[in-house]
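K.L.:
sequence first, then the predicted structure:
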Amino acid sequence: MNSVQRARLADDLVRRLAAAIRGAQLYAAGHPLVVRNVTALAETLALIHVSGASIAIGIVGDDLVVGDIPVPRAAENMGELMRRLQQSGVERIVIDRGVEAGEITRLVQTLASADTTTLASLTGLPHIRVGKLQVERRVDAAAGDVATFQRLYQDAVSVAGTLWDAAHSEGKPDPNAARGMVDSLAQAVAQNRTALLALTALKNYDVYTFTHMVNVSILTMGQARGIGIDGSLLREFGLSALMHDIGKVRTPTEILNKPEKLDEREFEIMKRHTVDGAEILRRTPEMPTLAPIVAFEHHLRLDGSGYPNGVTRGQLNLGTMLCGIADVYDAMRSQRLYQEAFPTDRILAVLQRNDGTQFDQNLVRRFAQLIGIFPVGNLVRLDTGEIAVVLRTHAPDPYRPRVRVLRGPDGADLDRSYDLNLWEAEEGQPRSVQAPLDPAKYGIDPLSHLQ
């Protein structure tokens, strides 16, 4: 189905849903007009479901969106339908393939009543789900300060925990919550990629699993954005990366949280998470096709190494390769009970090992330029002994970024901090970064200096 056909069906769906709701307001459920409207709506849904297992109708900001297609404001009944959904407290409707006329009738009748119990009264329909979008915190480009990004990041980590719990208890994550979160993160990546990437360096080790999910999603979208991927495809990459490890919900807790290195038997069990993740995501409605592919492939390497064992690919999916780089980077820079955090230059060396046969080296070089040897937000010691926070990377010489100098060589706070481009430094000034530092040991919050 081409884009013109999809747009036409989106318009038809909005028009017929609005007509069905309007008819249900005027006539009883068995009235011929009401029955015809429901039948017409079901026919449109059947056409849409030919090319997809589910279709979502949602309010995003001031727009009504069907799937990933914004419905033109001039479309017949668009404004009327938006008002009706808002009155009902409904921000999103997901309708799965196989929906029956009785379910559609109940949806239409309930929306027509538009009372305060709409959301509760529509639970239990096997092929229809309604609800509110989660983490729809929109970032104003003019006011996209670090505090705003911090709140967004914290919300995202909280939702990641909810997704994990749902996958563990119900067998699949909530795709509505996942999409809402990724939409917000994708917008932030588009507006201020540097600030958002800096947040991924903040580790809450008590919820490593959830911060890792969010970090890999952000780092994957940051890379994708850097090679020109945008819009709905960028969000697909972000959602797939977010879910890359979801198969670990089936990994026994004693193995998943073991503080020591896994033995051979335990590692074989751990490796099953790639297959389990692909299976979970294939059975989750509204997940993009890319998601189970990334879950299955993200530990495979270009040279045929990695796992699942015995699986070879002539070429890995681009989403898989970007996610694989982000996954290794975030895991290695994280300090856990059994692993000290590695500095970025060591991690990049791992990504370039084996003569560059495991990872696409063009993508690794782009990642190195994106992150820098000393990423934005890192606390560092300069070659003069002074302490500074990295403000901006400098691709031509990653050891000479832009910094804000906070403390002198004696460790005392400067009366007045100052910014310096190390690549332009003059005689007697700091010229390069010597080493990264742990902010907690120095009582410094690097993010407060990125405002």
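P.N.:
That came in fine, so what should we check first? Numbers count the residues shown, from 1 in each chain.
K.L.:
now the helices: where do they sit in the stretch 151-300 of the chain?
P.N.:
Applying DSSP state H, counting those that start in this stretch to the stretch 151-300 of the chain gives helices spanning 175-199, 208-226, 231-242, 253-256, 264-270, 273-282, 290-297.
K.L.:
would you turn the ones you listed into CSV with mean neighbour count?
P.N.:
C-beta here means a position set from N, CA and C on the backbone, and glycine is covered the same way. Converted to CSV, the helices of the stretch 151-300 of the chain look like this (neighbours: other CB atoms under 10 Å):
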stretch, mean neighbour count
helix 175-199, 23
helix 208-226, 24
helix 231-242, 23
helix 253-256, 12
helix 264-270, 13
helix 273-282, 21
helix 290-297, 25
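K.L.:
and those helices as a markdown table, adding mean pLDDT and distance to residue 97?
P.N.:
What follows is the helices of the stretch 151-300 of the chain, written out as a markdown table (pLDDT from 0 to 100; distance: least, CB to CB, whole Å):
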| stretch | mean pLDDT | distance to residue 97 |
| --- | --- | --- |
| helix 175-199 | 84 | 15 |
| helix 208-226 | 93 | 27 |
| helix 231-242 | 93 | 20 |
| helix 253-256 | 91 | 34 |
| helix 264-270 | 96 | 35 |
| helix 273-282 | 97 | 14 |
| helix 290-297 | 96 | 17 |
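K.L.:
list the contacts for residue 382?
P.N.:
Residue 382 is in contact with 388, 403, 405, 422, 430-434, counting by CB atoms under 8 Å, 6 or more residues apart in numbering.
K.L.:
okay, and which of those residues map to strands?
P.N.:
Under the assignment DSSP state E, the contacts of residue 382 contribute 388, 403, 405, 433-434 to strands.
K.L.:
picking that back up, pick the one among the contacts of residue 382 closest to residue 232.
P.N.:
residue 403 (37.4 Å; CB to CB).
K.L.:
the closest residue to that closest one other than its chain neighbours: neighbour count?
P.N.:
Of all residues not flanking residue 403 in the chain, residue 388 sits nearest, at 3.9 Å (CB to CB, 6 or more residues apart in numbering). The tally of other residues near residue 388 (other CB atoms under 10 Å) stands at 29.
K.L.:
check contacts around residue 276.
P.N.:
247-251.
K.L.:
cutoff 10 Å now
P.N.:
Residue 276 sits next to 167, 246-251, 295-296 when contact means CB atoms under 10 Å, 6 or more residues apart in numbering.
K.L.:
against residue 112, how distant is it?
P.N.:
In this view, residue 276 and residue 112 are 42 Å apart by CB to CB, to the nearest Å.
K.L.:
with residue 88 instead?
P.N.:
For residue 88 relative to residue 112 (CB to CB), the value is 9 Å.
K.L.:
which one of those two is surrounded by more residues?
P.N.:
residue 88 (23 against 18).
K.L.:
and residue 373, that one's in a strand?
P.N.:
No: Residue 373: not assigned to a strand; according to DSSP: H, G, I helix; E, B strand; the rest coil it is coil.
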